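Enquirer: Here is my input; please provide its structure:
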Amino acid sequence: MKTLFAFLALIPALSIAQTTPAASSYPFTPAQDSAYAREQYQKSEFMVPMRDGTKLFTQVYAPKDQSVKHPILIQRTPYSCQPYGTDRFRRRIGPNPFMLRDNYIVVYQDVRGRWASEGTFAEMTPHIDVKKSNADHDEASDTYDTINWLLKNVPSHNGSVGQWGISYPGFFASAGAVSGHPALKASSPQAPMADLWHDDTFHNGAFQIAANFGFYAFFQEHKQPTKQNPPPLFEINDPDGYHFYLNMGSTANSESQYYKGRNKYYHESFDHPDYDDHWKKRNILPHLKGIKHAVMVVGGWYDEQDLFGTFNTYKAIEKQNPGIQNIFVVGPWIHGGWAGSSGQTLADLDFGSKTSPYYQENIEAKFFRHYLFNETTPLALPEATVFETGTNRWRSFDTYPPKGLQQKQLYLQSSGKLGFSASTAGASFSEFLSDPAHPVPFASKINDGFSAEYMVDDQRFASARPDVLTFQTEPLTDDLTLAGPILAQLTVSTTGTDADWMVKVIDVYPPDAPQKPQKPDVVYGNYQQMIRSEIIRGRYRNNVSKPEAFKPNQPTPVAVELQDVLHTFKKGHRLMVQVQSSCFPLADRNPQKFVPVFSAKESDYQKATHRVYHGSQGTSFLKIGVLNP
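Expert: The predicted structure is shown next:
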């Protein structure tokens, strides 16, 4: 949500196939795409009426050849249909260059209350299950009404409609999937926002300050339809996000000194720090029911924005719509990376092939072609196509998570050890001093406070800090593949009354790991590649709707959900777990005092000593799934 769109302007029976395809790349250039679009397509613009009379600005790119009938493909967006004007064409029409040449009727629409559309916009519009009158509208009904209008007013369509969207448009694809329109045959929510409190605004109660602060300076309320975005509310002139946000002071200052009530969307977080009814209404997951058509959910292992939405949208659709075709695709991508031209590299990593065009040609294009061109031959796509990192290969599964996972517990032990058995020591703990004036940075490199690369960043910078606890195994004697969700079960205490807890799973390379010619400045010996991480604001450990203080120095259980992985730790590597209490400024600082964070003063921020127990007073471990070779 925050970067890709806002700143444009922008194991038995588990595996069906385990081969890595040949490297894939585009057979055409952007210039060829543009020339093809102008040669083959014509553009129209309309104000499409909804059931309550509100009109939504809609662009239709239709093939000039109307001697054959074409399917309709829709994207609904809060980020603008730009460029406006029938003589001005988008740089890309449709999801990818391969689908451009399948000659869909491609439709873009500004959602209600955004840009050139009428109406009032609401963040992640609450869904209405039972609509009693035309005044009851939501994104499902707006999708239904849009499809109805297109079928009646756009010539030369074949009666089949599909939709797709990445990030915020992914939410609109999810919401549209429950519209119930009989012409809707295929939907693809990609990195979809699913539950705003869990996805983008907070992570388990920890406010994602850098992402939200930067985003809402651009994403502003539109009082009336417009084709011109207002200027940003302010400019951030410091390229060092760690310095900028630390110098800002308390979280409260981000609103009072910069926004000053000028953006109601940003201020909603200040009014609703807990998971209350405001956020519950903005959770689409319970409403993803009654879907009759095919769905394909897509995401990236290194999605810095909507990892929660990707996995939970797939799981919700799978659970609540038995029997439908529900395909799942996850690759080695950042947020929206599958829509790019390569997908082979990220930061210091090389995945061995151009994964993005491979997905676009062999998965995405095939999915929509099968359902929207009414192909009669079976669709040759498995339930789940998932990229296994570490070995850098695509794998196909008939269920997700894969069948046959062996559930294990990986224990934090004394002296920084990590193993599959609990410590036999007596009272045992590791401790560190957490100082909000010197929080642990979330990344090693200078950045604006919101870097996509942090999810694979080398963690040696963190290991060197005294306020980061590090536990690691001995060198592995065999490959170890983790698959599915990871849950950290910690026993902790603090001398304060609140604390954040961040857990990271890391792949430690052997000392003799070879250098890479393309990265001569990176030392790969003992490299600490982050595989997965997550944070929780400790006050929400028992109930995300009812914050609760810690009792000082009392051992207390805290669970941290880290989301899913499919990663192989190779023989000779080590598996490492790090525990810390800040990842700034990805998340804002916790005062470590049980006070409302959004009104806390700088004097409320205090040092505290945190302990993680791994003995008779309490165990700390990770619940993991191990995939047999």
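Enquirer: In space, what's closest to the most centrally placed residue in the chain - neighbours in sequence excluded?
Expert: The residue lying closest to the centre of the chain (Cα atoms, centre = their mean) is Asp306, at 1.6 Å. Distance criterion Cβ to Cβ, 6 or more residues apart in numbering; nearest residue to Asp306, sequence neighbours excluded, is Ala191 at 4.5 Å. C-beta coordinates here come from the backbone N, C-alpha and C atoms, glycine included.
Enquirer: which residues touch the one you found?
Expert: 166-167, 170, 298-300, 303, 305-306, 309-310, 335-336 (Cβ atoms under 8 Å, 6 or more residues apart in numbering).
Enquirer: Dump the C-alpha coordinates for the helix or strand encompassing Thr146 into CSV.
Expert: Using DSSP states H and E, Thr146 sits in helix 139-153. Output in CSV follows, covering the C-alpha atoms of helix 139-153 (Å, rounded to 0.1, in the frame of the first residue of the first chain):
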residue,chain,number,x,y,z
GLU,A,139,-17.4,-2.1,-2.6
ALA,A,140,-19.2,-5.4,-3.4
SER,A,141,-22.3,-3.5,-4.6
ASP,A,142,-20.2,-0.9,-6.5
THR,A,143,-18.4,-3.8,-8.2
TYR,A,144,-21.7,-5.5,-9.1
ASP,A,145,-23.2,-2.2,-10.4
THR,A,146,-20.1,-1.5,-12.5
ILE,A,147,-20.2,-5.0,-14.1
ASN,A,148,-23.9,-4.6,-14.9
TRP,A,149,-23.2,-1.2,-16.6
LEU,A,150,-20.3,-2.6,-18.6
LEU,A,151,-22.2,-5.5,-19.8
LYS,A,152,-25.0,-3.2,-21.1
ASN,A,153,-22.8,-0.4,-22.5
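Enquirer: Quick check: what element follows it along the chain?
Expert: Sequence-wise, the next helix or strand downstream of helix 139-153 (DSSP H and E) is strand 157-166.
Enquirer: just checking, what packs against the helix holding Thr146?
Expert: Helix 139-153 sits against strand 41-49, strand 55-63, strand 70-77, strand 105-110, strand 157-166, helix 168-177, with contacts defined as 3 or more Cβ pairs under 8 Å, 6 or more residues apart in numbering; DSSP states H and E.
Enquirer: Tell me the strands beside the third one, with direction?
Expert: The reference is to strand 70-77. Each strand paired with strand 70-77, and its direction, by DSSP bridges: strand 105-110 (parallel), strand 157-166 (parallel).
Enquirer: and that strand with helix 168-177, angle?
Expert: Relative orientation of strand 70-77 versus helix 168-177 (axes from the mean of the first three to the mean of the last three Cα atoms, to 10 degrees): 120 degrees.
Enquirer: Quick one: mean pLDDT over strand 70-77.
Expert: The pLDDT scores in strand 70-77 average 98.
Enquirer: Give me the angle between that strand and helix 139-153.
Expert: On the basis of the same axes, to 10 degrees, strand 70-77 is oriented at 140 degrees to helix 139-153.
Enquirer: got it, and the second one?
Expert: Relative orientation of strand 55-63 versus helix 139-153 (the same axes, to 10 degrees): 50 degrees.
Enquirer: So which bits of strand 55-63 are buried?
Expert: 55-63 (16 or more other Cβ atoms under 10 Å).
Enquirer: wait, which of those residues is closest to Asn590?
Expert: Nearest to Asn590, judged by Cβ to Cβ, of the buried residues of strand 55-63 is Leu56 at 41.8 Å.
Enquirer: quick one: contacts for the closest residue to that closest one other than its chain neighbours?
Expert: Nearest-residue entry for Leu56: Ser117, 4.3 Å, with adjacent residues in sequence omitted and distances by Cβ to Cβ, 6+ apart. Residues in contact with Ser117 (Cβ under 8 Å, 6+ apart) are 54-57, 109-111, 225.
Enquirer: Generate JSON lines for these, with pLDDT and distance to Thr495 as supplementary columns.
Expert: Converted to JSON lines, the contacts of Ser117 look like this (pLDDT from 0 to 100; distance: Cβ to Cβ, whole Å):
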{"residue": "Thr54", "pLDDT": "98", "distance to Thr495": "55"}
{"residue": "Lys55", "pLDDT": "98", "distance to Thr495": "59"}
{"residue": "Leu56", "pLDDT": "98", "distance to Thr495": "55"}
{"residue": "Phe57", "pLDDT": "98", "distance to Thr495": "56"}
{"residue": "Gln109", "pLDDT": "98", "distance to Thr495": "54"}
{"residue": "Asp110", "pLDDT": "98", "distance to Thr495": "52"}
{"residue": "Val111", "pLDDT": "98", "distance to Thr495": "48"}
{"residue": "Pro225", "pLDDT": "97", "distance to Thr495": "55"}
